[in-house]
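K.L.:
How does the following fold in three dimensions:
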Amino acid sequence: MRRVLASSLFLCAVASPLSLAAAAPTPREPFVVVLHPTSTPVVRTAADLLASTGTPTSSVYEQSFDGFAVDLTAAQAAVLSADPRVDVVEPDIEFRADTQTIPTGVQRIGAASNPALQIDGIDSLRVDADVAVLDSGIDLQHPDLNVVGGFDCVAGPSCVTGGDDVFGHGTHVAGIVGALDNGVGTVGVAPGVRLWAVQVLDANGVGSLSSILRGLEWVLQRSGTIDVVNMSFGAPGTSTAMYDAIQASTNNGVMFAVAAGNTATDAAAFVPAAFDNVLTVSALADFDGLPGGAGSPTCGADGDDTLANFSNRGAAVDITAPGLCINSTLPIANGSYGVLSGTSMASPHVAGALALLAGRQRPANAAQVGQRYAALLAAGKQDWTDDSGDGVQEPRLDVGSPTMFMAGVAPPCAAASSTGLLGWWRADDSTAAAAGPSLSGSAAFVAGVAGAAFSSSGASALSTTLPPASTGLTLAMWVRPVATGLSQTLIGRWDFPSTNDTSRAFTLQLGPQGSLLFATDETTSRRPLELSIMAPQLFDGAFHHLAATWSTSTVAIYIDGLLAASTASQGGLLNAAATTPMRIGAEGGPGGPSFPTTGAIDEPAVWGRALSSTEVRSIVAAGATGLCPVV
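P.N.:
Below you'll find the model as predicted:
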């Protein structure tokens, strides 16, 4: 009865004027057909089986098994599966690559949103730094980690080749530091950084002071290679030997990130957390990678954007980073990826950030290591709730600044040719020039883009004498000025005051209300050519890159690599007098500095030609070095 009723309904539908169009063809789906083994060629058997379908095979398999792939209707597949020559007919199912996920920790510290890190699932840019993970080792075969060497320091009496992780802790830490940005698994804070497995904990995650000291000896011996060390372990008490071993490498420019500990007590009672020559990291509870405290717990019970309830705290802690429910790499035998929690997971976030700084410019000594630590802390944010009760809210790690944190084996600065470069000064505790004549005058130094910057006190200026520039000019520098209500000269080649207009050349000056003025005097007209724009963002307390270019046709100002304004040049030639002094941080004259700058100036440079917009952008992208090295 049901079949008759169904037929009746069908006939009524056919009779309907709405059904005059041709019936839709029965859809075909891809299948794989596995044949019983036989001496008959697969091609012949497939042709016989498919003769009534009129459908050709898409693939034939004869090596690993006998079979073929073909598109069939469901009915045809059922008929084929009943044929005695066929073993099985199975859907040609779709497989997808495991897509890369961005862990909440990488999101929360701003790495995912930092355009300079290019976290986009494409392994095209790797951080140029070396990180030693002192831990249970690293899975040396993990495809998502750039492990360049492994050593076993557990057995003694010295470290030997090895370091393959079976416990899993070190592999998880390594992934947080630098898992590849390759579209699969997870991604680290410093994608693709070179990782060194230094096994100081055994297969149960337990180590000894002596094994850790062997690992630190290994680091010291390679302190010309290793930039950063992560130590996600601790013990109650103190150790002079461990402190001294860390300090020995720090003296050679190696930076250390260590875990605060997981006992919800004072980190000052644990080593190495209590040491003042490391960055001690507490664990932030963050479930959604965002500020605001609105994330729902994904593992464990804690409040979003608060100190993790297990984390050690106190004055020994320097900085906090995500450490709860962190997804990262695990040994392949343990599933390749997984979620762990602890200050052990917070510390490698900071190690990754230090690797980003080292990739831009490696510190050379303990003083410069301290400068990197200070810069990292200064870049931190306070957008979390410290419910620890210790009265000290440490900054939350943030690597979102593209000028401070960037990746790349080679900085993208090749477009900034050194052709025409008259002078370039790196303010790394020295007035010596990286290119061009040295500066005269005394200088103080503060934290800068490249580790140190000239501190402009408003009472002095550094000066030099440059070769003449006549038909083109570029001034470039990183600046962090302080608003004083007065005009401030950042850089100028101008013997002020002077009644001889022909002695004037150029000046880049800040006005009291945030105006930025670029003026040149051209000897043919003795009239200042000025381009003035409002740039109040220069007084926001951060470093900004400025570039001003002049040619016989165009004058332009760039801020942070972007063209801010341009105008037509009046033509003519700049003053060619070689004796005219150039000053950084003020104009000058017989009465002392005029229009002095208050703040910091880093990486000032002068070209005797006008750089292109592409070259200016490349300098900003290069970040810490400002320019490609000049031979």
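K.L.:
Look up the pLDDT of residue 444 for me, please.
P.N.:
Per-residue confidence (pLDDT) for residue 444: 86.
K.L.:
I'd assumed residue 455 was in contact with it.
P.N.:
Yes. In this structure residue 444 lies within contact range of residue 455 using C-beta atoms under 8 Å: 4.1 Å. Where C-beta positions appear, they are placed from N, C-alpha and C, glycine not excepted.
K.L.:
ok, those two, which is more surrounded?
P.N.:
More neighbours surround residue 455 than the other of residue 444 and residue 455, with 20 against 13 (other C-beta atoms under 10 Å).
K.L.:
residue contacts, the more buried one?
P.N.:
443-446, 600 (C-beta atoms under 8 Å, 6 or more residues apart in numbering).
K.L.:
May I see the ChimeraX selection of the buried members of the residues you listed?
P.N.:
Here is the ChimeraX command that picks out the buried ones among the contacts of residue 455, judged by 16 or more other C-beta atoms under 10 Å:
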select :443,445,446,600
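K.L.:
Now that we have the contacts of residue 455, can you turn them into JSON lines and tack on secondary structure and distance to residue 35?
P.N.:
Shown next, in JSON lines, are the contacts of residue 455 (DSSP: H, G, I helix; E, B strand; the rest coil; distance: C-beta to C-beta, whole Å):
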{"residue": "443", "secondary structure": "coil", "distance to residue 35": "83"}
{"residue": "444", "secondary structure": "strand", "distance to residue 35": "83"}
{"residue": "445", "secondary structure": "strand", "distance to residue 35": "78"}
{"residue": "446", "secondary structure": "strand", "distance to residue 35": "77"}
{"residue": "600", "secondary structure": "strand", "distance to residue 35": "77"}
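K.L.:
quick one: the helices in the stretch 501-631 of the chain?
P.N.:
613-622 (DSSP state H, counting those that start in this stretch).
K.L.:
residue ranges with poor pLDDT in it?
P.N.:
Low-confidence segments of the stretch 501-631 of the chain (pLDDT under 70): 501-505, 521-529, 575-579, 588-592, 622-631.
K.L.:
so who does the most centrally placed residue in the chain touch?
P.N.:
When C-alpha atoms, centre = their mean is applied to the chain, the residue found nearest the centroid is residue 117 (3.9 Å). Residue 117 makes contacts with 111, 125, 191, 356, 399, 402, 405-407, as judged by C-beta under 8 Å, 6+ apart.
K.L.:
any idea of the pLDDT on it?
P.N.:
The predicted local confidence for residue 117 is 86.
K.L.:
when you give positions from now on, start the count at 532
P.N.:
Taking 532 as the first residue, the last one we looked at is residue 648.
K.L.:
do you know how far it is from residue 596?
P.N.:
46 Å (C-beta to C-beta, to the nearest Å).
K.L.:
hmm, back to that, tell me the spacing between the residue nearest to the centre of the chain and residue 595.
P.N.:
43 Å.
K.L.:
same question, residue 858
P.N.:
Taking C-beta to C-beta, one finds residue 858 at 36 Å from residue 595.
K.L.:
before we move on, what about residue 1076?
P.N.:
Distance, residue 1076 to residue 595, using C-beta to C-beta: 59 Å.
K.L.:
What are the buried residues along stretch 916-930?
P.N.:
917, 919, 921, 925-930.
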